[in-house]
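J.: Model the following, please.
(chains A and B)
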Protein chains: 2
Amino acid sequence: MSDPRLASLRAALPGLRLLTDPADLEHYGRDWTRRWTPAPLAIALPDRVEDVQGIVRWANDARVAVVPSGGRTGLSGGAVAANGELVVSLERMQRVLGVDPVDRTLTVQAGIPLQRVQDIAREHGLQYPVDFAARGSASIGGTIATNAGGIRVLRYGNTRAWIAGLKLVTGTGELLELGRALIKDSSGYDLRHLVIGAEGTLGIVVEATLSLTEPAPSGQTMLLALPGFEALMAVFALFRARLRLQAFEFLTDVALRHVLAHGGGQPPFAQPAPYYVVTEFDAGPDAEAEVLALFEQGLQDGVIVDGVLATSQAQAAQLWRLREGITESLARYVPYKNDVAVRISAMPAFLAEAQALLAREYPQFEVVWFGHIGDGNLHINILKPDAMTQADFVADCDRVTKLLAELLQRHGGTISAEHGIGLVKKPYLWSTRSPAEIAVMRGIKAVLDPNGIMNPGKLFD
Amino acid sequence: MSDPRLASLRAALPGLRLLTDPADLEHYGRDWTRRWTPAPLAIALPDRVEDVQGIVRWANDARVAVVPSGGRTGLSGGAVAANGELVVSLERMQRVLGVDPVDRTLTVQAGIPLQRVQDIAREHGLQYPVDFAARGSASIGGTIATNAGGIRVLRYGNTRAWIAGLKLVTGTGELLELGRALIKDSSGYDLRHLVIGAEGTLGIVVEATLSLTEPAPSGQTMLLALPGFEALMAVFALFRARLRLQAFEFLTDVALRHVLAHGGGQPPFAQPAPYYVVTEFDAGPDAEAEVLALFEQGLQDGVIVDGVLATSQAQAAQLWRLREGITESLARYVPYKNDVAVRISAMPAFLAEAQALLAREYPQFEVVWFGHIGDGNLHINILKPDAMTQADFVADCDRVTKLLAELLQRHGGTISAEHGIGLVKKPYLWSTRSPAEIAVMRGIKAVLDPNGIMNPGKLFD
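T.: This is a model prediction of the structure:
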């Protein structure tokens, strides 16, 4: 606490909780990426909006960079503080500010975890449909910062679709109330959508009003084994045309074997197949007969080789675990993650080229594919061989990611589907956004954050 | 064609079609508002993106203001050219650029009318669900500029929800390709959403990729007679809880009488009621029994006084005409239009105060209410007495709109739900957006349009 800048912060905001212990600096200075050494100046833990504004005003005066911090489950380094920044953690701002059953909205402070929001919605007979495996730790503010996707996008869209309003402390400390939960508002530029996905570079989201919806119809879960990627697209088209899909996720046999090795359990089928799909669709009087007919047709067409339809909640959960357990099963390898998307129609051509590229460039690495076919979103995890240093491994993967980015550019895709750009994808932003677009983004940042103190170095330099 | 600036434009773009006839200047210089005298410099009718870019570059050099122009069905003066601007009409840019059945997208030039888009979607077994009465003339570009709403927002959302991508010629003549029809893309600021609803002040939308969806389930249409506004909210809650609503529109008895007087036809019920609802909901095996039970319950609760369930397509169309015919039936009065919204939960308190305000301030004017209850959106049309001059009438209505704006501000509402701000609502923007927000909007405009040539004077000065 000897830094004179912190003394001035404490003088400006006497009640503010500040942490400077080395263990705290390390804990709050990094996210789920493990590539940078945390080195923040200090950690601020405000418990009210006015203090967040006060911190930002102080940071402008003191010219200290600010890193907004939620659950730090991000995978692109968007919440990393490695350069003497002040981390502003919202973990003390988790209050529920109101539930409105008529408007079907839930207003919360931005530090609240996603899972808590899902639970509150459920307690009111409603649903907050954004969902992904890190739900227990990820904060609502973080999901807004990255426009988080997840496993229900096929049915419900990304986080963007569920943010009825938000409050933003801008880079100058102004408080903007954006959206205000109006269903219709055609009164100038929609700054709310500008903030969603901005990765904390325009300000700090301190509150959000979330739209809730009716609970999903009860679903049936099925695991399918497929002979190849073309079959995956064919089965997706077949199922989408005849069932109300809630999810349609794929994984490769390599991914399945990691999940089974890590979590235990038997292979789901007697014979392994190169691809598996976990799909969930609306249950209903005709759904079971329909899906069995589709399954038979898939077998005859040679696009399905095996399958199992869950007959209980427990079995459905077991099938889902095969998909949701992947990230955890790979954690010990500190995988290098790509999170790319193309239009669904561009998927077959892109994937053929991408597979050839990775097979050629990574002959020595194990590559684990999985993702959200219905959204055009592929996750590619490259596993570090034990014998290789982390630095050499990342350098080699960065080299190949540049080639992948060129491929994505040719196919009109994106280098970040749902993780954000942060530090990790920043070198490849050119593949997804044109120089003119990036220039506009820089200009907009300068409007909301003229001194460039908000999460500098993330997204672009 | 004697203006030397036009000579320079013609020299820069020799193939460009330019109109300067007084009749053309009048035709293209105004929209459905009839409050300003059209006085454009000329009308440009480009037929390709490069020419739109060329026009904008020329306009920067010549310091001539540009007014983007679609179907000019706008109600806020957003497409009015009354100050020597160059109108850039997209009416020669109506080409269909592609339909993708896998991505379920339709790519069009921005001048194409909404109805043509709806028809093309239908021909492919799909639906473009944005819909409103001016569908035959309104261009897709115009619907994007205002984030148009309409009669299906309750089920499908505003235009914003259906724009998978767009191409924008910015105020400097750069072409930006935004969104690119990716379902997931977390790669920096979403400039596409910034452009949607910007009323042509950031650039000209020249192409759009529209999301299509499955056709709506076949609907049943019902007309209800209600004893008061509280009943309207109660019936909405009752019906929303038990039926899958596609639309829930209301009108007052005054509105109904205008439609019948204008278009002919008999009153739908033996006794008039103060409010009517036209609602459409998914037909289905149980829907008819359900709606009759709801109707009985409404009668018993005293919130419904009469009703009719359409038993044929023709009857459904007849009931819909009672709602959709309002604007046309009022056209001869050149009504002063308010288009306001509040959160649904704020509706009863707001409406009580708004009705008292208008009754007090407009004792001599006929006021026609209708709108989209499920979206919190009320249309208030004030009819000019024949004996009053247009100028006096507008001045008096402007005075009351200021009071209405103050009321909206207190209830967290908006002065423009779906028509846009344009020239008409510009004096009241303060009621909906804070000074800090407006400052940010101005800053963003300066980034995309540094010389301020794009639709100047619209939205803000």
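
J.: Any residue of stretch A:197-217 touching chain B?
T.: Yes: with C-beta under 8 Å from any C-beta of the partner chain as the criterion, chain B is reached by stretch A:197-217 at A:197-199, A:202. Glycine gets a C-beta too; all of them are placed from N, C-alpha and C.

J.: quick one: the closest residue to residue A:231 other than its chain neighbours from residue B:102, how far?
T.: The shortest distance from residue A:231 to any non-neighbouring residue, by C-beta to C-beta, 6 or more residues apart in numbering or on different chains, is to residue A:303 (3.9 Å). According to C-beta to C-beta, to the nearest Å, residue A:303 stands 16 Å off from residue B:102.

J.: What about the residue of the stretch 101-250 of chain A found nearest chain B, how many residues nearby?
T.: Nearest to chain B in the stretch 101-250 of chain A, going by C-beta to the nearest C-beta, is residue A:193, at a distance of 3.4 Å. Using other C-beta atoms under 10 Å in any protein chain shown, the number of residues around residue A:193 comes to 23.

J.: A helix includes it, no?
T.: Yes: under DSSP: H, G, I helix; E, B strand; the rest coil, residue A:193 sits within a helix.

J.: check contacts around the residue nearest to residue A:231.
T.: Applying C-beta atoms under 8 Å, 6 or more residues apart in numbering or on different chains, we find residue A:303 in contact with A:226-227, A:230-231, A:234-235, A:238.

J.: one more time with 10 Å
T.: A:224, A:226-228, A:230-238, A:297 (C-beta atoms under 10 Å, 6 or more residues apart in numbering or on different chains).

J.: Just checking, which of these comes out lowest on pLDDT?
T.: Lowest-confidence member of these: residue A:230, scoring 87 (pLDDT).

J.: what about residue A:259, distance to residue B:158?
T.: Counting by C-beta to C-beta, the gap from residue A:259 to residue B:158 is 41 Å.

J.: again with residue A:436
T.: Taking C-beta to C-beta, one finds residue A:436 at 27 Å from residue B:158.

J.: of these two, who's got more company?
T.: residue B:158 (25 against 14).

J.: I figured the more buried one hits residue B:149, correct?
T.: Yes: assessed by C-beta atoms under 10 Å, residue B:158 is found in contact with residue B:149 at 5.1 Å.

J.: hey, what's in contact with both of those two?
T.: Joint contacts of residue B:158 and residue B:149 (C-beta under 10 Å, 6+ apart) are A:183-186, B:130, B:143, B:375, B:417-418.

J.: Including neighbour count, distance to residue A:458 and pLDDT, could the residues of stretch A:197-217 next to chain B go into TSV?
T.: TSV is the format used below for the residues of stretch A:197-217 next to chain B (neighbours: other C-beta atoms under 10 Å in any protein chain shown; distance: C-beta to C-beta, whole Å; pLDDT from 0 to 100):
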residue	neighbour count	distance to residue A:458	pLDDT
A:197	26	12	98
A:198	28	10	98
A:199	28	5	98
A:202	26	11	98
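
J.: Closest to residue B:457 out of those residues?
T.: Nearest to residue B:457 among the residues of stretch A:197-217 next to chain B: residue A:202, at 27.5 Å, using C-beta to C-beta.

J.: Excluding covalently adjacent residues, which one is nearest to that closest one?
T.: In space, residue A:202 is closest to residue A:448, 4.4 Å off (C-beta to C-beta, 6+ apart).

J.: List just the nearest of the shared contacts of residue B:158 and residue B:149 to residue B:347.
T.: Of these, the one sitting nearest to residue B:347 (C-beta to C-beta) turns out to be residue B:375, at 10.1 Å.

J.: measure that closest one to residue A:368 for me?
T.: Going from residue B:375 to residue A:368 by C-beta to C-beta gives 45 Å.

J.: circling back to that earlier point, so which of the residues of stretch A:197-217 next to chain B are in helices?
T.: With DSSP state H as the criterion, helices contain none of the residues of stretch A:197-217 next to chain B.

J.: Looking at the residues you listed, which two lie furthest apart in space?
T.: Maximum pairwise distance in these, criterion C-beta to C-beta, is 10.1 Å, between A:197 and A:202.

J.: Now for these two: what residues contact both?
T.: By C-beta under 10 Å, 6+ apart, residue A:197 and residue A:202 have these common neighbours: A:145, A:459, B:189.

J.: quick one: contacts for the first one?
T.: Listed by C-beta under 10 Å, 6+ apart, the contact partners of residue A:145 are A:68, A:70, A:74, A:78-79, A:110, A:139, A:159, A:195-202, A:204-205, A:420, A:422, A:455, A:458, B:186.

J.: now swap in the last one and tell me
T.: Applying C-beta under 10 Å, 6+ apart, one finds that residue B:189 lies in contact with A:193-199, A:201-202, A:433, A:437-438, A:440-442, A:444-445, A:459.

J.: Separate out the buried members of these.
T.: Among the contacts of residue B:189, those classed as buried by 16 or more other C-beta atoms under 10 Å in any protein chain shown are A:193-199, A:201-202, A:433, A:437-438, A:440-441, A:444-445, A:459.

J.: Can you name the helix or strand that residue A:338 falls in?
T.: strand A:336-341 (DSSP states H and E).

J.: same thing with residue A:388?
T.: Taking DSSP H and E as the definition, residue A:388 sits outside all helices and strands.

J.: just to revisit the earlier point, export the residues of stretch A:197-217 next to chain B as TSV, with columns for distance to residue B:93.
T.: Below are the residues of stretch A:197-217 next to chain B laid out as TSV (distance: C-beta to C-beta, whole Å):
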residue	distance to residue B:93
A:197	30
A:198	32
A:199	35
A:202	34
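
J.: Can you list which of these are found in strands?
T.: Judged by DSSP state E, these include no members of strands.

J.: so residue A:247 bridges to which residues?
T.: residue A:280 (DSSP bridges).

J.: Compute the number of surrounding residues for it.
T.: 23.
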